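Visitor: fold the following, please.
(one chain, ligands or ions: 1)
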Amino acid sequence: MSQAPPNSHLAPWRAPLARALHRNRALPHSRYVQLATVTPQERPSNRTIVFRGFWQPTNQLKFITDQRSAKAEHLTHQPWVEVCWYFPKTREQFRVAGRMQLIDATCKDAELLAARDRQWMDLSEQGRSQFFWPHPGQPIPAEPIITPEDSGTNAIPKPFCLLLLNPETVDHLELRGDPQQRWRYEWSATASPQWQLQAINP
Ligand SMILES: Cc1cc2nc3c(=O)[nH]c(=O)nc-3n(C[C@H](O)[C@H](O)[C@H](O)COP(=O)(O)O)c2cc1C
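Guide: Alright, predicted model coming up:
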């Protein structure tokens, strides 16, 4: 039996997160989060990525990345991640931790592969073109190289990955108000209900 949170039922942290997304929707950067991974050398590594919504009807957060990127390599070594999200208008922070699943062209699960296909279809031309660029993170050669694939083809390029984050803890801090407020949502396979909510000191 899986010890990860199930894919049914809306988790209780979804309502405050949906509210924050709605109230901050005028700010394009309210969909940017910082994603922390762990390197094979056990060091933290952090970068900004775009939140792409939920994998319906689950509580899993969707992101996309390039399979050749450092973060993709980190995930094969250590799937545990944390994303940190700040909403400037409502002055709230959400820290969402759990296991991140990377879905690439070799995935054997038909449902996940279909989700990857749909995510590709949803991407703009500009968003798609990045997956035809040379290897991210590598030095730029003195002589320009011709990339074997080009964005004119209809096939989904191999480096395109869907990332699904299955949260197990969510820490929500509200700076607005005196006193500030903070809540911890924690998932447990054995508790009832499985998502426990606790108000904690900020
Ligand atoms: C505003 C913003 C949005 C970004 N969105 C993504 C994204 O959705 N996916 C992604 O892989 N990289 C995204 N990046 C680039 C990453 O921050 C990072 O530079 C790149 O993925 C390489 O990271 P890595 O070497 O740690 O894997 C974004 C950067 C910025 C500044």
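Visitor: switch to C-alpha atoms for all contacts and neighbour counts from now on
Guide: OK.
Visitor: pLDDT at Q180, what is it?
Guide: Predicted confidence (pLDDT) for Q180: 95.
Visitor: check W13 too.
Guide: 98.
Visitor: what of S151?
Guide: Taking S151 on its own, its pLDDT is 53.
Visitor: got the CA positions of the lowest-mean-pLDDT helix or strand in the chain in CSV?
Guide: None of the helices or strands of the chain scores lower by mean pLDDT, DSSP states H and E than helix 125-129, at a mean of 93. C-alpha atoms of helix 125-129 as CSV (Å, rounded to 0.1, in the frame of the first residue of the first chain):
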residue,chain,number,x,y,z
GLU,A,125,5.1,28.3,-28.8
GLN,A,126,7.6,30.3,-26.9
GLY,A,127,7.4,27.9,-23.9
ARG,A,128,7.8,24.9,-26.2
SER,A,129,10.9,26.3,-28.0
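Visitor: that helix close to the ligand?
Guide: No: Helix 125-129 lies out of reach of the ligand by Cα under 6 Å from any ligand atom, never closer than 9.0 Å.
Visitor: that helix: how far from the chain's middle?
Guide: Distance, stretch centre to chain centre, for helix 125-129: 19 Å (Cα atoms, centre = their mean, to the nearest Å).
Visitor: I'd like the next helix or strand past it.
Guide: Using DSSP states H and E, the helix or strand that follows helix 125-129 in sequence is strand 160-174.
Visitor: partners of the helix or strand just after that following strand, with directions?
Guide: Using DSSP H and E, the next helix or strand after strand 160-174 towards the C-terminus is strand 181-187. Here strand 181-187 is paired, per DSSP bridges, with strand 160-174 (antiparallel), strand 195-200 (antiparallel).
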